[in-house]
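Trainee: Got a predicted structure here, sequence first:
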Amino acid sequence: MRNREQAGASEGGAKQALPSLGLPPVITVKQLADLMSVSGIDIIKQLMRNGIMANINQALEYDVAAKIAADFGYTAKKLHVPIQSKQTVSTKDTRLRPRPPVVTIMGHVDHGKTSLLDAIRQTNVAAGEAGAITQHIGAYQVEIGGRKITFLDTPGHEAFTAMRARGAQATDIAVLVVAADDGVMPQTVEALNHARAAGVSIVVALNKIDKPNATPDRVKQQLSELGVLIEEWGGDTVCVPVSAKKKQGIDDLLENILLVADMLELKAEWDCPATGIVLEAKLDKSRGPVTTLLVQKGVLKPGDNIVIGTISGKVKAMFNDSGKNIRKAEPATPVEILGMNGVPAAGELFQVVPNEKEARSLVEKNRSTISATAHGLSLSSIAAQTGSDEVKDLNIILKTDVQGSIEPIKDSLEHLSNEKTRVKVIHTGTGSITESDILLAMASRAIVIGFNSKPEPGAIRLAEQESISIRQYNIIYKLIEDVEKALKGLLEPEYAEVVAGQAEIKAIFETRKKGKIAGALMKEGKATRDAQVKVLRTGKVIAESRVAGLRRFKDDVKEIASGMEFGVKLDNFSDFQVGDVLQFIRQERIN
């Protein structure tokens, strides 16, 4: 940024002429920034230094604009030309009005996310509320300079992404907390990738600057290597040094959040039925279902009929984050309500409807369509759609056993992009595939690829539940080949063996016509005619065959359920022994 000192006279020398800048009688902050080729945030900051709070579309009188121009090294010259800048303050849609920003705190464990939230809360609570600030409802609002900021008190980027995975985009700005004494860590990178995948603006809070071993410049260098270039290094990412422990830099952080919010020009429709997101919900013994909502559009009031998926209810009472009973909740306001007839999941969307009849009708409609919810993406579904215009991006989450494998695989995958499909590796990491990886895949419609990396049990369960494809490889060329085939529509479906049922042989019967038949007890699952069978003896597979016949008493049957005794004959195998275990296998498509 140029300033008077840079443009003015050097010590002991003659003054140099400042460049001239023509200014109309009225100009907006954005127009002034464009004229001087500087960031709108820089203009807003300079206005704040002069005691003026303004947003990006604020109209400035000539005298104010001239003073700011001088701060940037210009001599202002008044132009007597009418300008339409006053009209730019209004929005194209007159129903839209400004709303507070919604902010999530993210970052590595132990870098001070919780401490920072507590510090923000404690330094911005009214004196009369001190000591009673934590009616914990999963979100709260603070006020600075007469303006509000809403913070979502989520436990980390997993919860943030879980909301997105259910179709909810709650956050406008992500504050990435990085410890100045520790630097960028694996979860820092993970949080950054989650925020980028969500497309939200990022503000860096450089925490623990009070530590004697703090090295802010090293952290800024690490961030630049991840593509996060802060303002003082010529980038556009705001970075604020703070100490959550000593409550230093908190107001500066809040002011910068408001600056970024001004650049985003956040607005919402107010005069309409309220809609928004479920932040959390629980069943209280005395109050019944208690639901925390974030209003995104409209104004929520007691008595409103609400539908959340297959759950409905009427707002009986509303409370803010201090536990006070309130009569209305405006856009970007978190509120706790009573009156729902069930407990919804976090991330579900709510909407207000005119009456109970409409609520019942919408619940039934949601219930009938819930099975049609979109499933996760897979390589084979990409292959099936390559002939259409549906697929634009193939998002990939890549996990490897060692760091050295990431770059060659990532580069090879992204070079497979063609005119129909772009391959984007949106997150990389080393170690096992975790639930966090699956959540990001759900939210970003991505597939998960592991190279010498196995999924954790929780990740497997979540992936199965949400139909997220996990592909595992130990040969790089095979990995690349499969993705390339998918992009060309040539990939063959992949199947896996699933144990459908298990039985134990209790007796063996010899027949003249049919040879040996095993008498067995179905321990779990079920057996079907023509199923594949594995015969296990002392835990080891001794034979693989297929069901040739199932009998229940004297009748041939198609299926045997758990707990039933039955007779079974196998193709080309009769060497049964009492105690052998029969596993009935079905082939299940996994991509």
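Mentor: That came through fine.
Trainee: which one is residue 242 nearest to, not counting chain neighbours?
Mentor: residue 249 (3.6 Å; CB to CB, 6 or more residues apart in numbering). From N, CA and C alone the C-beta is placed, and that goes for glycine too.
Trainee: Enumerate every residue touching that neighbour.
Mentor: For residue 249, the contacting residues are 209, 240, 241, 242, 243, by CB atoms under 8 Å, 6 or more residues apart in numbering.
Trainee: wait, doesn't residue 47 sit right on residue 71?
Mentor: No: if you go by CB atoms under 8 Å, residue 47 and residue 71 don't touch, sitting 9.6 Å apart.
Trainee: more crowded one of the two?
Mentor: Shown here are residue 47 and residue 71; by other CB atoms under 10 Å, residue 47 has more neighbours (22 against 18).
Trainee: Report the contact partners of the nearest residue to that one once chain neighbours are set aside.
Mentor: Counting by CB to CB, 6+ apart, residue 47 lies nearest to residue 54, which is 5.0 Å off, once chain neighbours are set aside. Counting by CB under 8 Å, 6+ apart, residue 54 touches 29, 44, 47, 60, 262.
Trainee: Likewise for residue 111?
Mentor: Counted by CB under 8 Å, 6+ apart, residue 111 has contacts 177, 178, 179, 182, 185, 188, 207, 208.
Trainee: Same question for residue 432.
Mentor: 399, 453, 454, 455, 456, 459.
Trainee: can you rerun that using 7 Å?
Mentor: Going by CB atoms under 7 Å, 6 or more residues apart in numbering, residue 432 touches 453, 454, 455, 456.
Trainee: Highest neighbour count among those residues?
Mentor: residue 453 leads the contacts of residue 432 on contacts (other CB under 10 Å) with 23 neighbours.
Trainee: Tell me the secondary structure at it.
Mentor: Here residue 453 is recorded as coil under DSSP: H, G, I helix; E, B strand; the rest coil.
Trainee: Nearest residue to it in space, ignoring adjacent ones along the chain?
Mentor: Counting by CB to CB, 6+ apart, residue 399 is the residue found nearest to residue 453 once chain neighbours are left out, at 4.2 Å.
Trainee: Got phi/psi on that neighbour?
Mentor: Here is the backbone geometry of residue 399 (degrees, to the nearest 10): phi -120, psi 130.
Trainee: quick one: it and residue 363, what's the gap?
Mentor: 40 Å (CB to CB, to the nearest Å).
Trainee: swap in residue 407?
Mentor: Between residue 407 and residue 363 the computed distance is 50 Å (CB to CB).
Trainee: neighbour count winner among the two?
Mentor: More neighbours surround residue 363 than the other of residue 407 and residue 363, with 18 against 11 (other CB under 10 Å).
Trainee: And that one, what's its pLDDT?
Mentor: Listed pLDDT for residue 363 reads 86.
Trainee: cool, residue 16 as well?
Mentor: 54.
Trainee: Sketch out the helices for the stretch 51-200 of the chain, chain order is fine.
Mentor: All helices of the stretch 51-200 of the chain, identified by DSSP state H, counting those that start in this stretch, fall at 62-71, 113-123, 157-165, 186-198.
Trainee: Could you point out the helix or strand that follows the last one?
Mentor: Sequence-wise, the next helix or strand downstream of helix 186-198 (DSSP states H and E) is strand 201-207.
Trainee: gap between that following strand and the chain center?
Mentor: In terms of CA atoms, centre = their mean, to the nearest Å, the centre of strand 201-207 is found 17 Å from the chain centre.
Trainee: Can you list the strands that that strand pairs with?
Mentor: strand 173-179 (parallel), strand 238-241 (parallel) (DSSP bridges).
Trainee: Can you give me the buried ones in stretch 105-121?
Mentor: 105-108, 111-113, 115-121 (16 or more other CB atoms under 10 Å).
Trainee: which residues sit in contact with the closest residue in space to residue 576 that isn't next to it in sequence?
Mentor: Spatial nearest neighbour of residue 576, chain neighbours left out: residue 518 (4.6 Å); criterion: CB to CB, 6+ apart. Contact analysis of residue 518 by CB under 7 Å, 6+ apart lists 505, 508, 567, 568, 576.
Trainee: Quick check: which element contains residue 518?
Mentor: Per DSSP H and E: residue 518 is located in strand 515-528.
Trainee: buried stuff in that strand?
Mentor: Using 16+ other CB under 10 Å as the test for burial, strand 515-528 gives 517, 518, 519, 520, 522, 525, 526, 527.
Trainee: same check, this time on stretch 405-413
Mentor: So for stretch 405-413, counting by 16+ other CB under 10 Å, buried means 405, 406, 409, 410, 412, 413.
Trainee: Tell me if the fourth one really is in a strand.
Mentor: No: using three-state DSSP, the assignment for residue 410 is helix, not a strand.
Trainee: Distance-wise, check it relative to residue 336.
Mentor: Taking CB to CB as the measure, residue 410 falls 44 Å from residue 336.
Trainee: helix/strand/coil for residue 280?
Mentor: Secondary structure assignment for residue 280 (three-state DSSP): strand.
Trainee: Near the nearest residue to it once chain neighbours are set aside, how many other residues are there?
Mentor: Spatially, and ignoring its direct neighbours in sequence, residue 280 is nearest to residue 138 (4.4 Å; CB to CB, 6+ apart). Counted with other CB under 10 Å, the neighbours of residue 138 add up to 20.
Trainee: ditto for residue 222
Mentor: For residue 222, the neighbour count with other CB under 10 Å is 17.
Trainee: per-residue confidence at the nearest residue to it once chain neighbours are set aside?
Mentor: Nearest residue to residue 222, sequence neighbours excluded (CB to CB, 6+ apart): residue 184, at 4.0 Å. pLDDT recorded at residue 184 is 90.
Trainee: tell me the contacts of residue 184?
Mentor: When contacts are counted by CB under 7 Å, 6+ apart, residue 184 touches 178, 219, 222, 223, 226.
Trainee: Repeat the analysis, applying 8 Å as the threshold.
Mentor: By CB under 8 Å, 6+ apart, the residues touching residue 184 are 108, 178, 219, 222, 223, 226.
Trainee: Could I get those in CSV, plus columns for distance to residue 149 and pLDDT?
Mentor: Formatted as CSV, the contacts of residue 184 follow (distance: CB to CB, whole Å; pLDDT from 0 to 100):
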residue, distance to residue 149, pLDDT
108, 23, 80
178, 20, 93
219, 24, 91
222, 27, 91
223, 23, 91
226, 26, 88
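Trainee: Looking at these, which one is closest to residue 255?
Mentor: Distances from residue 255 to the contacts of residue 184, taken as CB to CB, are shortest for residue 178 (19.4 Å).
Trainee: and the closest one, bridged to which residues?
Mentor: Residue 178 has these beta-bridge partners by DSSP bridges: residue 206.
Trainee: Against residue 116, how distant is it?
Mentor: In this view, residue 178 and residue 116 are 11 Å apart by CB to CB.
Trainee: Ok, residue 238 next?
Mentor: From residue 238 to residue 116 the distance is 15 Å (CB to CB).
Trainee: for residue 408, same thing?
Mentor: On the measure of CB to CB, residue 408 and residue 116 end up 38 Å apart.
Trainee: With residue 542 instead?
Mentor: Distance from residue 542 to residue 116, counting by CB to CB: 61 Å.
Trainee: Likewise for residue 227?
Mentor: In terms of CB to CB, residue 227 sits 23 Å off from residue 116.
Trainee: ok, now residue 464?
Mentor: Noted for residue 464: a distance of 36 Å to residue 116, by CB to CB.
Trainee: how deep is residue 588 tucked in, by neighbour count?
Mentor: Residues lying near residue 588 (other CB under 10 Å) number 10.
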